[in-house]
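Participant: sequence plus predicted model, see below.
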Amino acid sequence: MIESFRSIRDLLSQIFRKSRRRESLAKSAAIFAGGNISSLLLRSFAGLVVARFVEPATLGLFNSFGLAVGYSRWGQLGVVNGFKRELPFHIGKGQTERARELAATAQVWALFTGGVVALGLGVVALWQLLCGRLDLTAGWLTYAAQGFIIFYAQNYLDATYRTLSEFSRLAVVKIAESVVSLIATVFVSLFGFYGLCLRLLAMETTSLALLWRWRPLRVRPRWSTADFKHLIKIGLPIYVTAQIYFLWGVVDSNLVLVFGGTKQLGLYSLAGIVNSTFVMIPLSLTQVLFPAMTQRFGRTGKIRDLYRMAGAPALLVFLVMIPLVVMAWLLIPPAVRWLIPKYVGGIAAAQWTLVTALVMSFAPVNNIFNIIRRNDLYLIAIAAGIAVYAATLFLLTRSGIYLAAFPQAMAAGKLTFILIGHYIITRLNIKSDIPEGPVALDADPNLQ
């Protein structure tokens, strides 16, 4: 009788602990998503305010400096992507010291690449100063500082935030940066182009200061060629896959420009705003789940554990998204006609973008490809989605180009991408014979 009672007590205790972990995960994902959405809304409003104070040509000149920083991201060679995967993985295996060694090397590389970018753009700024162009000097110097901060803070420091409680702090960082971006529009109203420089510097330094102040992993930079090669081996496939997926969206916008012209692309920006807002919900869950799933895989080595961790939260997000999507579908037309009537032509495209966002509720499951290092199979799912997107767009536009055809084709492509990805993962789960790994005695309890 006593033994039976103890068994029931232990079972109830286990269920309670699992329930608490799910609640903690959902809470952290909700806080992170709320922070991201709030940050996005604040930035969007700040962008509208900025547009009132500067001419499009001035804003275009300022944004053009950022292209160099964007292309320089390829210089990190996937090291940060590898670090994001390896840090929780080794913590899950109980190899805390190994995780710290990789962090030390990743930090050196982040400081080095950020420094190279800053130095290169600084040289360009010096050249512009010698040519007497103070505005161009200020622009290049501003983006030189941003280049360093992106590589060190937004890449390396951001990657060290891996527990559920730390994602709450990341949400605070994003909101704080967006609040500063709104307040700093005062600089733009007073100083024009130079105000844009001051505003960007204020935003980036705020992010750097907070990420540094709350950094959870405090290690000294230390170089190891072997660890560097290891991080590239792990991270470069992840990075390349992510860039190919990113180019899918870029090509979609380019096709709108080619077939519809600049006006249609402008109208399509409404769909972009809607997509960015609603996709933020599953994207936030993906970011919160990745380190937790990676640590679990380090502990158990079982794909089925990963599928369970991602499947239930993804289904919950899908159910939450349904009423939000329906409500947005109904509210977008009157809201656009009232607030921005010039963009009425983009209403249908914006509505169909909601379908894509709903489909992407199940995207967190795709974390598994990066965790088990099967990016080759991930590329198959992406390629299938792109192929269906292209075929659907061709069929829809045979009788003529219309803007809503692009998000309709994208919805079909993303649905294919998700379904193929889930099918491949299911097959991997069935055939998996990965042996169980050691249990981490010192692993973070927030992620177990």
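Facilitator: Nice, thanks for sending it over.
Participant: and this structure, what are its domains?
Facilitator: 22-223, 237-448 (automatic domain parsing).
Participant: what's around the residue nearest to Tyr307 when sequence neighbours are not counted, how many residues?
Facilitator: Leaving aside its sequence neighbours, Tyr307 sits nearest to Asn429 (Cβ to Cβ, 6 or more residues apart in numbering; 5.8 Å). Quick note: C-beta positions are derived from backbone N, CA and C, even for glycine. By other Cβ atoms under 10 Å, 16 other residues sit near Asn429.
Participant: residues in contact with stretch 76-84?
Facilitator: With Cβ atoms under 8 Å, 6 or more residues apart in numbering as the test, stretch 76-84 has contacts from 102-103, 106, 109-110, 113, 151, 155-156, 159, 228, 230-240, 242, 290-291, 370.
Participant: tell me where the stretch 1-150 of the chain has helices.
Facilitator: Assigned by DSSP state H, counting those that start in this stretch, the helices in the stretch 1-150 of the chain fall at 2-53, 56-64, 66-72, 79-92, 96-130, 134-149.
Participant: mind putting the domains of the chain in TSV, mean pLDDT included?
Facilitator: As requested, these are exported to TSV (pLDDT from 0 to 100):
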stretch	mean pLDDT
domain 22-223	83
domain 237-448	82
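Participant: picking that back up, the helix or strand hosting the residue nearest to Tyr307: which residues count as buried?
Facilitator: Asn429 belongs to helix 405-431 when assigned by DSSP states H and E. Under the neighbour-count criterion of 16 or more other Cβ atoms under 10 Å, helix 405-431 has 405-422, 424-425, 428-429 buried.
Participant: ok, now stretch 245-264?
Facilitator: Here stretch 245-264 shows Tyr245, Trp248, Asp252, Leu255, Val256, Phe259, Gly260, Gln264 as buried, counting by 16+ other Cβ under 10 Å.
Participant: what's the angle between the strand or helix carrying the fifth one and helix 79-92?
Facilitator: Using DSSP H and E, the element containing Val256 is helix 225-300. In terms of direction (axes from the mean of the first three to the mean of the last three Cα atoms, to 10 degrees), helix 225-300 departs from helix 79-92 by 50 degrees.
Participant: renumber starting at 55 from here on
Facilitator: Shifting the count to begin at 55 puts that one at helix 279-354.
Participant: ok and helix 279-354 relative to helix 459-485, angle-wise?
Facilitator: If you take the same axes, to 10 degrees, helix 279-354 sits at 70 degrees to helix 459-485.
Participant: how far out from the middle of the chain is helix 279-354?
Facilitator: In terms of Cα atoms, centre = their mean, to the nearest Å, the gap separating the centre of helix 279-354 from the centre of its chain is 6 Å.
Participant: check which element follows it along the chain.
Facilitator: helix 357-393.
Participant: which helices and strands does that next one pack with?
Facilitator: Counting by 3 or more Cβ pairs under 8 Å, 6 or more residues apart in numbering; DSSP states H and E, the packing neighbours recorded for helix 357-393 are helix 56-107, helix 279-354, helix 401-413, helix 421-425, helix 459-485.
Participant: I figured Gly89 was touching Glu231, is that so?
Facilitator: No: using Cβ atoms under 8 Å, Gly89 makes no contact with Glu231, being 10.5 Å away.
Participant: got a list of what Ala417 touches?
Facilitator: Counting by Cβ under 8 Å, 6+ apart, Ala417 touches Pro336, Leu337, Thr340, Ala368, Ile472.
Participant: Leu252 and Met375, how far apart?
Facilitator: Leu252 sits 39 Å away from Met375, going by Cβ to Cβ, to the nearest Å.
Participant: what do you get for Phe448?
Facilitator: 29 Å.
Participant: of the two, who's got more company?
Facilitator: Set side by side, Phe448 and Met375 show more neighbours around Met375, with 21 against 11, by other Cβ under 10 Å.
Participant: contacts for stretch 309-326?
Facilitator: So stretch 309-326 is contacted by 307, 390, 394, 397, 399-401, 403-404, 406-407, 447, 451, 455, 457, 460-461 (Cβ under 8 Å, 6+ apart).
Participant: now with 7 Å?
Facilitator: Stretch 309-326 has contacts (Cβ atoms under 7 Å, 6 or more residues apart in numbering) with Ser307, Val390, Tyr397, Gly399, Gly400, Ala403, Ala404, Thr407, Ile455, Leu457, Phe460, Pro461.
Participant: what sits against Gln462?
Facilitator: Gln462 sits next to Trp406, Leu450 when contact means Cβ under 7 Å, 6+ apart.
Participant: separation between the residue sitting nearest the centre point of the chain and Arg127?
Facilitator: Centroid-nearest residue in the chain: Leu337, 6.5 Å away (criterion: Cα atoms, centre = their mean). From Leu337 across to Arg127, the span is 18 Å (Cβ to Cβ).
Participant: ditto for Leu264
Facilitator: 22 Å.
Participant: pick out whichever of these two has more residues nearby.
Facilitator: More crowded of Leu264 and Arg127, by other Cβ under 10 Å: Leu264, with 19 against 16.
Participant: so what's the more buried one up against?
Facilitator: Contacts of Leu264 (Cβ under 7 Å, 6+ apart): Val227, Ala230.
Participant: which strand or helix spans it?
Facilitator: helix 247-267.
Participant: buried set for that helix?
Facilitator: 247-262, 264-265.
Participant: stretch 117-129 now?
Facilitator: For stretch 117-129, the buried set under the neighbour-count rule, 16+ other Cβ under 10 Å, comprises Phe119, Ala122, Val123, Ser126, Arg127.
Participant: stretch 429-441 now?
Facilitator: Asn429, Leu431, Tyr432, Leu433, Ala435, Ile436, Ala438, Gly439, Ile440.
Participant: for the fourth one, give its distance to Ile286.
Facilitator: So the one you mean is Leu433. Here the distance between Leu433 and Ile286 works out to 18 Å (Cβ to Cβ).
Participant: before we move on, what about the second one?
Facilitator: Taking Cβ to Cβ as the criterion, Leu431 is separated from Ile286 by 21 Å.
Participant: report the angle between the helix or strand that contains Val442 and helix 279-354.
Facilitator: According to DSSP H and E, Val442 maps onto helix 429-450. For helix 429-450 against helix 279-354, the angle by the same axes, to 10 degrees is 80 degrees.
Participant: what sits against Leu254?
Facilitator: Thr196, Gln200.
Participant: recalculate using a threshold of 8 Å.
Facilitator: So Leu254 contacts Thr196, Tyr197, Gln200 (Cβ under 8 Å, 6+ apart).
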